[in-house]
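Visitor: Just need the structure, nothing else, for what follows:
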Amino acid sequence: QVQLVESGGGLVQAGGSLRLSCAASGRTFSTYTLGWFRQAPGKERKFVAAIRWSGGSTFYADSVKGRFTISRDNAENTIYLQMNGLKYEDTAVYYCGAHPGGRYALTDGRGYGYWGQGTQVTVSS
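Guide: Numbering: from 1, shown residues only. Below is the predicted model:
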């Protein structure tokens, strides 16, 4: 059974940092891309960043480029999202997802076959 478990969310002041983790289990993810999405209250879920498990290529939304860094630890089957320079508008529930490949772009949530339960990030202004 595939499981994605996020952790690391919390309350932080604007300009601060947080590191989110997503521990993946239940299958081999070598052919997958793992990504982070976020959903603010009353808004749709939006792409944040993604990383290919094999090769480590990374992809970012324009809104987080230069502030967020996605990385992976193959030995721990975990991906991370280092978030620096946090802004009030980064406040959201952050979800980890696994994209097996296929016709949907990495920025499209429909392409992700598995999701974690989410972790809340709140940035105070």
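
Visitor: mind checking the end-to-end distance for stretch 72-80?
Guide: Chord length of stretch 72-80, first to last residue, is 6 Å (C-alpha to C-alpha, to the nearest Å).

Visitor: repeat for stretch 71-82
Guide: Note: stretch 71-82 ends 8 Å apart using C-alpha to C-alpha.

Visitor: what's the offset of it from the middle of its chain?
Guide: The chain centre lies 11 Å from the centre of stretch 71-82; the measure is C-alpha atoms, centre = their mean, to the nearest Å.

Visitor: Which helix or strand lies directly C-terminal to the helix or strand residue 4 falls within?
Guide: Assigned by DSSP states H and E, residue 4 belongs to strand 3-7. Next helix or strand after strand 3-7 toward the C-terminus (DSSP H and E): strand 10-13.

Visitor: How many neighbouring residues does the closest residue to residue 40 other than its chain neighbours have?
Guide: With sequence-adjacent residues excluded and distances taken as C-beta to C-beta, 6 or more residues apart in numbering, residue 40 is closest to residue 92, at 4.3 Å. All C-beta spots, glycine's among them, are computed from the backbone N, C-alpha and C. Neighbour count for residue 92, taken as other C-beta atoms under 10 Å: 22.

Visitor: beta partners for residue 92?
Guide: For residue 92, the beta-bridge assignment (DSSP bridges) gives partners residue 121.

Visitor: got a list of what it touches?
Guide: Listed by C-beta atoms under 8 Å, 6 or more residues apart in numbering, the contact set of residue 92 reads 38-40, 43, 120-121.

Visitor: Run through the bridge partners of the most centrally placed residue in the chain.
Guide: Nearest to the geometric centre of the chain sits residue 36, at 1.9 Å (C-alpha atoms, centre = their mean). Beta-bridge pairing for residue 36 (DSSP bridges): residue 49, residue 96.

Visitor: OK, contacts around it?
Guide: 20, 22, 47-50, 70, 79, 81, 94-97 are the contacts of residue 36 under C-beta under 8 Å, 6+ apart.
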